[in-house]
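> This is the structure alone, sequence omitted:
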């Protein structure tokens, strides 16, 4: 419930972000990203695009640091690229919603898990077990 309210209150900001992304690097504003869920099972979420899909001459995506746009760098440093994830916090426990939101804010303020050391982004999620392996982001264009 709190997440739903926050989603509604923050929607004007999300519209501004969508316009900035569109102006910055084109039509693709969102993309599907996989994260580890319960029991290591991967699940897909929709995120704001913060990188381009620029490839090298062999057709492979360039490293994340080279594809990250200026607006994308800002969105990631402020964790504004995570705003639409409030949509995924869908339960009827106000206490749990507030706890999740406060824990997220704390992680952002502490810069814990925001990006990997010496890397523009976090490493690719490989799953907790071999059968849950998810391969994204480093493939061919």
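Nice, thanks for sending it over. What you see is a predicted model, and the numbers here were worked out from it, not measured in a lab. Numbers count the residues shown, from 1 in each chain.

> Surely residue 36 touches residue 44?
No: under the criterion of C-beta atoms under 8 Å, residue 36 makes no contact with residue 44, lying 11.7 Å away. Yep, even glycine has a C-beta here, placed from its N, CA and C like the rest.

> more neighbours, those two?
When neighbours are counted by other C-beta atoms under 10 Å, residue 36 and residue 44 differ, and residue 36 comes out ahead with 15 against 11.

> For that one, give me the pLDDT.
Predicted confidence (pLDDT) for residue 36: 79.

> what are the bridge partners for it, then?
Beta-bridge partners recorded for residue 36 (DSSP bridges): residue 42.

> likewise residue 46?
So, taking DSSP bridges as the rule, residue 46 has residue 32 as bridge partners.

> tell me which element residue 11 falls in.
Assessed by DSSP states H and E, residue 11 sits inside helix 2-25.

> With adjacent residues omitted, what lies nearest to residue 44?
residue 32 (4.9 Å; C-beta to C-beta, 6 or more residues apart in numbering).

> okay, now that neighbour: neighbour count?
Residue 32: 9 neighbours (other C-beta under 10 Å).

> My understanding was that it contacts residue 43; is that so?
No: the criterion here is C-beta under 8 Å, and residue 32 misses it with residue 43 at 10.4 Å.

> Just list the residues touching residue 75, thanks.
Shown in contact with residue 75 (C-beta atoms under 8 Å, 6 or more residues apart in numbering): 17, 48, 50, 81.

> Thank you kindly, that will do.
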